[in-house]
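> Sequence and predicted structure below; questions after.
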Amino acid sequence: MKLAILSREKNNYSTRRLVEACKIRGHEVKVLNTLKFALDLEEGDPDLYYNQKRLGHFDAILPRIGASITYFGTAVVRQFQAMDIYSANTADGILNSRDKLRSFQILSKHHVGLPYTTFVKDKKDIIPAINRIGGAPVVIKLLEGTQGVGVLLAHTMESATSIIELLQSQKQNILVQKFIAESKGKDIRAIVVGDQVIAAMRRVAQGQEFRSNVHRGGKTEMVELSEEYKEVAIKAAKIMGLGIAGVDMLEGKDGPQIMEINSSPGLEGIEGCTKIDVAGAFIDYIAGQVDFPEIDIRQQLSVSKGFGVSEIFIPKESEFVGNSIIESGLQEKDINVLTLHRNGKVIPNPKGERVLEAGDKLFCFGRLDTMKDLIPLKTRKKRKPKIKKLKVKDIKKAKELEVQK
């Protein structure tokens with residue numbers, strides 16, 4: 001395998017360990033500075049240049065994209081993907097996890113444990129939002145902070161509102177989260193590779209510091225994760241679209257609470273704590289996946305005219321409840337069920353004999369017009385936009401209002 005590691009830090013611990021792991025396994029490897037790429041776009045022929053020279057062949061890339069170059073870095077990763085070169089983490093996966101609000105929005109839909117979180121812009125909304133999450137103390141986070149930077153603990157309502165107003169006055173977007181008191185100063189870092197957690201450690205803050213990040217002086221200790229924690233970490237990484245990830249979780253009284261998902265987890269802390277060859281696991285995983293480049297399923301399946309993917313919800317009054325997938329007649333209508341979502345669990349490629357239940361969600365590929373027909377008539381009528389003609393007086397009124405502004 002010929003691997004390109006996209007990194008601007010050729011000499012840091014993580015990059016050196018990844019290069020070493022490649023060489024030990026007999027792979028060819030190069031570290032390429034992400035900012036040295038140029039992207040060329042032409043119909044049917046995306047191309048990449050590095051240091052003004054056309055890039056040679058690579059079998060796979062391992063992106064280590066820093067937060068300060070997210071936009072350009074993910075564009076480079078996307079270009080590799082467009083050239084059918086395998087990437088351990090996709091551009092969309094990196095973007096999903098990098099933005100804390102976006103990642104929480106995605107995770108919240110999949111029944112993954114999260115600290116109660118709120119996001120507001122209007123000054124009047126701050127106090128009601130803090131009250132909704134249980135009042136002070138609260139944790140205030142910048143949307144794209146890393147390594148504990150931009151994470152603050154406000155002990156009172158007054159200090160919380162002052163901090164939020166100050167950050168918003170500096171045009172910063174912030175999240176406000178319920179403070180999980182029982183996990184004060186501690187969190188779990190789980191390293192997910194594919195379908196398994198290969199290493200985990202508990203990070204413990206020191207002194208008066210409530211942040212447990214190693215970069216903030218936090219100490220590490222080995223931890224054996226329960227199946228519940230492993231399952232949540234793997235699920236969160238998969239939902240983000242990451243093959244390799246560091247998943248940070250708080251130990252809440254109700255179970256694991258996802259705090260953050262890192263698409264470029266550092267290796268020094270986890271390898272030093274666990275003595276596990278995490279870099280080697282990354283390389284072995286990539287070597288095993290290199291023949292299966294990630295594809296955008298929705299995009300690929302939507303190319304045929306009239307066909308696409310959609311989610312079909314089965315309400316309790318549906319005629320499908322109590323019938324098997326075969327009995328539902330979906331296949332005769334050119335609709336194939338790809339996955340079945342039930343009570344927070346995903347059943348891939350469900351068998352035709354599986355009986356449908358109220359509340360099921362079916363992720364399907366098929367004729368779009370047929371799938372739309374499965375939505376109850378009353379709901380379809382509500383959703384259908386009513387196109388009306390504008391009256392001349394309405395246009396004049398709008399123009400007058402624009403002038404007044």
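Ah, there it is. Source: prediction; values computed, not measured.

> Just give me the neighbour total for N262.
19 (other CB atoms under 10 Å). Every residue, glycine included, has its C-beta placed from N, CA and C.

> my bad, should have said P115
Residues near P115, counting by other CB under 10 Å: 19.

> Please apply the same query to L242.
Neighbours of L242 (other CB under 10 Å): 26.

> and the nearest residue to it once chain neighbours are set aside, what are its phi and psi?
Among residues not flanking L242 along the chain, G93 sits closest, at 4.4 Å (CB to CB, 6 or more residues apart in numbering). Backbone torsions of G93, given as degrees, to the nearest 10, read phi -60, psi -40.

> From R78, how far out is G93?
Taking CB to CB, to the nearest Å as the measure, G93 falls 11 Å from R78.

> thinking again about what came up before, what's near enough to touch the residue nearest to L242?
240-243, 263 (CB atoms under 8 Å, 6 or more residues apart in numbering).

> go with 6 Å
For G93, the contact set (CB atoms under 6 Å, 6 or more residues apart in numbering) comprises 240-242.

> Same question for A82.
Applying CB under 6 Å, 6+ apart, the residues near A82 are P46.

> ok so M201 is a helix residue?
No. Counting by DSSP: H, G, I helix; E, B strand; the rest coil, M201 is not part of a helix but strand.

> what's around it, how many residues?
24.

> is it true that it touches T220?
Yes. Counting by CB atoms under 6 Å, M201 does reach T220; the two are 4.7 Å apart.

> Give me the common contacts of the two.
In contact with both M201 and T220: C273, using CB under 6 Å, 6+ apart.

> And the residue nearest in space to the middle of the chain, how close does it get to I325?
The centroid of the chain falls nearest to M240 when counting by CA atoms, centre = their mean (2.7 Å). When distance is defined by CB to CB, M240 is 29 Å away from I325.

> list the contacts for the residue nearest to the centre of the chain?
93, 96-97, 261.

> Dihedrals phi and psi, it?
Torsion angles, degrees, to the nearest 10, at M240: phi -70, psi -20.

> swap in T117?
Dihedral angles (degrees, to the nearest 10) for T117: phi -130, psi 150.

> Near it, how many other residues are there?
For T117, using other CB under 10 Å, the count is 19.

> All the helices of the stretch 51-200 of the chain, in order from the start?
With DSSP state H, counting those that start in this stretch, the ranges of helices along the stretch 51-200 of the chain come out as 70-82, 91-98, 100-108, 126-132, 157-169.

> okay, now E158: neighbour count?
Considering only other CB under 10 Å, E158 is surrounded by 10 other residues.

> Look up how far A91 lies from it.
For E158 relative to A91 (CB to CB), the value is 42 Å.

> residues in contact with the nearest residue to V223 once chain neighbours are set aside?
Computed as CB to CB, 6+ apart, the closest residue to V223 that is not its neighbour in sequence is R202, at 4.4 Å. By CB under 6 Å, 6+ apart, R202 lies in contact with 188, 221, 223.

> show me the contacts for the second one.
Think E221. So E221 contacts R202 (CB under 6 Å, 6+ apart).

> for the protein, what are the low-confidence residue spans?
Low-confidence segments of the chain, defined by pLDDT under 70, span residues 144-149, 208-210, 212-216, 292-304, 375-385, 405.

> Got the phi and psi for T156?
Here T156 shows phi and psi, under degrees, to the nearest 10, equal to phi -130, psi 160.

> Relative to E165, how far out is the closest residue to it other than its chain neighbours?
Nearest residue to T156 in three dimensions, chain neighbours excluded: A136, at 5.0 Å (CB to CB, 6+ apart). From A136 across to E165, the span is 15 Å (CB to CB).

> Tell me which of these two has more neighbours.
A136 (17 against 11).

> doesn't S159 make contact with the more buried one?
No. A136 is beyond contact range of S159, at 7.6 Å (criterion: CB under 6 Å).

> one step back: can you flag which of the contacts of R202 belong to strands?
Among the contacts of R202, the members found in strands (DSSP state E) are 188, 221.

> Kindly reformat the contacts of R202 as TSV containing distance to R25.
Shown next, in TSV, are the contacts of R202 (distance: CB to CB, whole Å):
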residue	distance to R25
I188	29
E221	30
V223	28
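
> List just the nearest of the contacts of R202 to T118.
I188 (23.7 Å; CB to CB).

> So the residue lying closest to the closest one once chain neighbours are set aside versus Y13, what's the distance?
In space, and not counting its chain neighbours, I188 is closest to M249: 4.6 Å by CB to CB, 6+ apart. M249 sits 24 Å away from Y13, going by CB to CB.

> neighbour-wise, which of these two wins?
Ranked by neighbour count (other CB under 10 Å), M249 and Y13 place M249 first, with 25 against 15.

> Report the beta-bridge partners for that one.
On the basis of DSSP bridges, M249 is bridged to I188, I258.

> That one contacts K186, doesn't it?
No. Using CB under 6 Å, M249 is not in contact with K186, being 10.4 Å away.

> Name the nearest residue to S108, sequence neighbours excluded.
L114 (6.1 Å).

> And for P315, the neighbour number?
By other CB under 10 Å, neighbour count at P315 equals 12.
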